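> sequence and predicted structure, then a few things I'm wondering about:
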Amino acid sequence: MHSNSNIHIISIGGSVMHDLAINLKKNGNVVTGSDDKIYEPSKSNLKKNNLYPKKLGYYKENIAKNLDFVITGMHTKSDNIELQTAKKNRIPIYSYPEFIRKSSDNKHRIVIAGSHGKTTITSIIMHVLKKNKIKFDYVIGGRANGFTSNIKISENPLIIIEGDEYLTSPLDKNPKFLKYDHHIVLLNGIEWDHCNVFPNKKVYIKQFESLINKTPKGGEIIYYDGDNNVEKVINDFKNEDVTLKSFNREKSVIKNNICYIHNDSNELVKINIFGKHNLQNLAGSKLVCEQLGIKSKNFYEAIKSYQLPENRLSLILNKKNKVFRDFAHSPSKLSSTIEAVKKFHKKKLLVVYELHSSSSFNKKFLKTYKDTLSCSDDSIIYLSESILKNKKIKKPSINEMRSSFNCKKIKYVNDPKKLETLISKKIYINHNKLFMSSGNFDGLNIQKIVK
C-alpha cells in the first residue's frame, strides 16, 4: 500500500478513478488530478475531498518534477499532453489495473470475470464478507449497497476485484483482468461484447482463455456450467495443478411476489433479488465464499439482507405499477432481465432500452439482439441523437431496428423529449416499466416521469 507519495491521476473523473484518488489521499499521499469533463457524483466527491482540478483540461504543467508516479484511466487518449510529458520526464506511468496489482502484491487476489454479472457477484461476496467480519479490500465497477466507495486499498490480506475484459489503457491494449495475477478466478458467462476492440466472437473468447491460463499452480477456476462458450474455454484448459469448480443456479421458489432460495437443509431463505441470472450470480458467489472459509449456513444468513448495487434491477417505484432501472448493455442481459421481471410480476411490461455502448452502433453486433425483446409486451429503443452526431454514425432506420431485434412493434426514438412524451401516453398507464441502459437516456429524469 502506498503512502507519502506524490501522485497525479489523469482522467480523475471516472467512477473508479475518483474513488482511487480519494482512497490514496486518505492513505497519506499527496494527490492531484486532471480531466476535461467531470460529472456527478464524481464532481461533488472530489470537491468534498479537495481533489477537484483547479482548471478542467490537460496541461503539461500538471506533471510536476517531484511526482513519484502517474496513474492513467482508460479514457485518456494516447496523445494526451500530460501522458506525453510524463513519458518525456521518465516518470513511472501506471494504468489503474497495474496500480491495483502493484498495491496488492501480498494479498490473496480474487478476480470476478465474465461478460455480465461481474458487479453483482463482486457485491454479493463483499456483502457476505462484511457480514462475517472478514477484512478485505475491493475494486468494483458499480456502487455496492452498504459501501461508500468503489475501491478500497489498505493493509488487508484479501482483495476482491471485478475483472473487466476491456482494454487496460491507451498504452496497453490487453484486457484489464490480465493484470491482476489472480489466485482464484470466477468465470460467469461469455457473450461477445466490445466489438469496437474485439472484432469477432473468436477474438473475444480468446481473452478469457488467456485469463484462465494465468491461473497459478494451486489456484482455482470457478465457472458457470450452463454456458457453451465457457464450456469450450474450460474444455480446452489443460493444467492438472489448477482446481476446477463449477456452479449453476440456486434453487428457488416464488411465494406472494417474494423469492426464496433453499439452504443446505432445504429450508427456505427469503431474499431481496429474483431472476435466473441473479440465482446464477448467487451460486457463483457462494462457491467463492466457501473457498474463502465462509460456512454455507453463514452465507445464507448474510444473503437475507443483500440488496443489488445501484441501477442493477433497482425498484425505483413500488406502487400498483412498478418501475425498474437496470444496467443492461448486452443482448443476454437484456433478455434475461426482461424475462425475470415479466415472470416475477405477471403484468404487461413496457421495456425502454437505450443503445449506449460502442458495440451498439455496430450493425453486425446489432443483429445479436435478435429476439431479446420477445418477453416484453411493448418496447421502445432509444438511441441518442447527440451520441450519433459525436461519433459521426449514420442513424439506423426504424426498419433496421425492427429487423435486428426481430420485433415489428418496436418504437424507436432519438430525442429525450420525444421519449418522455411517448412513455407518458395513456396506453402505458397500466404497464410495469423497465428502463435499461449503461447510460442515462440523455439525463432523462425517469422517477419524475413515472410518478
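That came through, no problem.
> so for stretch 302-310, mean pLDDT?
Across stretch 302-310, pLDDT averages out at 93.
> show me how far that stretch is from its chain's centre.
16 Å (C-alpha atoms, centre = their mean, to the nearest Å).
> give me the residues contacting the helix ranked longest in the chain.
Longest helix in the chain, counting residues (DSSP state H): helix 276-291. Helix 276-291 is contacted by residues 110, 112, 116-117, 120-121, 124-125, 128-129, 184, 186, 188-189, 220, 222, 224, 226, 245, 247-252, 261, 271, 273, 296, 299, 303, 308, 313, 333, 336-337, 339-340 when judged by C-beta atoms under 8 Å, 6 or more residues apart in numbering. In short, each C-beta sits where N, CA and C put it, glycine included.
> ok, of those residues, which come out buried?
Applying a neighbour-count criterion of 16 or more other C-beta atoms under 10 Å, the buried members of the contacts of helix 276-291 are 110, 112, 116-117, 120-121, 124-125, 128-129, 184, 186, 188-189, 220, 222, 224, 245, 247, 249-250, 252, 261, 271, 273, 299, 303, 308, 313, 333, 336-337, 339-340.
> select from the residues you listed every entry located in helices.
120-121, 124-125, 128-129, 299, 303, 333, 336-337, 339-340.
> what count of nearby residues applies to residue 91?
The tally of other residues near residue 91 (other C-beta atoms under 10 Å) stands at 18.
> could you find the closest non-adjacent residue to it?
For residue 91, ignoring the flanking residues on the chain, the nearest one in space by C-beta to C-beta, 6 or more residues apart in numbering is residue 67 at 5.2 Å.
> can you pull the contacts of the one you found?
Residues near residue 67 by C-beta under 8 Å, 6+ apart: 6-8, 86, 91.
> just residue 46 next, same as before
By C-beta under 8 Å, 6+ apart, residue 46 lies in contact with 12-13, 18, 21-22, 33, 38, 52.
> how about residue 402, what does it touch?
408, 410.
> and it, helix, strand or coil?
On the three-state scheme (DSSP: H, G, I helix; E, B strand; the rest coil), residue 402 is labelled helix.
> now it: how far from residue 412?
From residue 402 across to residue 412, the span is 8 Å (C-beta to C-beta, to the nearest Å).
> now residue 344
In terms of C-beta to C-beta, residue 344 sits 27 Å off from residue 412.
> list of residues touching stretch 210-223?
In contact with stretch 210-223 (C-beta under 8 Å, 6+ apart) are residues 111, 113, 163, 165, 175, 177-178, 181-188, 230, 233-234, 237, 239, 241-247, 284, 287-288, 291.
> could you find the closest non-adjacent residue to residue 77?
Nearest residue to residue 77 in three dimensions, chain neighbours excluded: residue 170, at 6.0 Å (C-beta to C-beta, 6+ apart).
> tell me the confidence at the one you found?
Residue 170 is assigned a pLDDT of 75 by the prediction.
> that one and residue 84 touch, don't they?
No. Residue 170 lies out of contact with residue 84 (C-beta atoms under 8 Å); the separation is 10.9 Å.
> between the two, tell me which one has more neighbours.
residue 170 (19 against 14).
> contacting residues for the more buried one?
72, 74, 76-78, 80, 83.
> highest neighbour count among those residues?
Counting neighbours by other C-beta under 10 Å, residue 72 leads the contacts of residue 170 with 27 neighbours.
> excluding sequence neighbours, find me the nearest residue to it.
Excluding its sequence neighbours, the residue lying closest to residue 72 (C-beta to C-beta, 6+ apart) is residue 10, at 4.4 Å.
> confidence score at that neighbour?
96.
> that one reaches residue 73, doesn't it?
Yes. If you go by C-beta under 8 Å, residue 10 and residue 73 touch, sitting 6.6 Å apart.
> export the contacts of residue 67 to JSON lines and tack on secondary structure and distance to residue 27?
As requested, the contacts of residue 67 are exported to JSON lines (DSSP: H, G, I helix; E, B strand; the rest coil; distance: C-beta to C-beta, whole Å):
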{"residue": "6", "secondary structure": "strand", "distance to residue 27": "13"}
{"residue": "7", "secondary structure": "strand", "distance to residue 27": "10"}
{"residue": "8", "secondary structure": "strand", "distance to residue 27": "16"}
{"residue": "86", "secondary structure": "helix", "distance to residue 27": "22"}
{"residue": "91", "secondary structure": "coil", "distance to residue 27": "20"}
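> which of these lies closest to residue 354?
Nearest to residue 354 among the contacts of residue 67 is residue 8, at 34.2 Å by C-beta to C-beta.
> may I have the beta-bridge partners of the closest one?
residue 32, residue 70 (DSSP bridges).
> could you find the closest non-adjacent residue to the residue of the chain most remote from its centre?
Largest separation from the mean C-alpha position in the chain: residue 65, at 35.9 Å (C-alpha atoms, centre = their mean). Distance criterion C-beta to C-beta, 6+ apart; nearest residue to residue 65, sequence neighbours excluded, is residue 89 at 7.0 Å.
> what's the answer for residue 401, then?
The shortest distance from residue 401 to any non-neighbouring residue, by C-beta to C-beta, 6+ apart, is to residue 412 (5.0 Å).
> now that neighbour, which residues is it bridged with?
residue 381.
> how close does it get to residue 385?
Distance of residue 412 to residue 385, computed by C-beta to C-beta: 12 Å.
> out of these two, which sits in the busier spot?
residue 412 (19 against 14).
> what's the distance between that one and residue 304?
42 Å.
> cool, and residue 4?
Applying C-beta to C-beta, the value for residue 4 to residue 304 is 43 Å.
> what's the answer for residue 42, then?
33 Å.
> neighbour count: those two, which is higher?
Per other C-beta under 10 Å, whichever of residue 42 and residue 304 has more neighbours is residue 42, with 23 against 12.
> list the contacts for that one?
Taking C-beta under 8 Å, 6+ apart, one finds 12-15, 18 in contact with residue 42.
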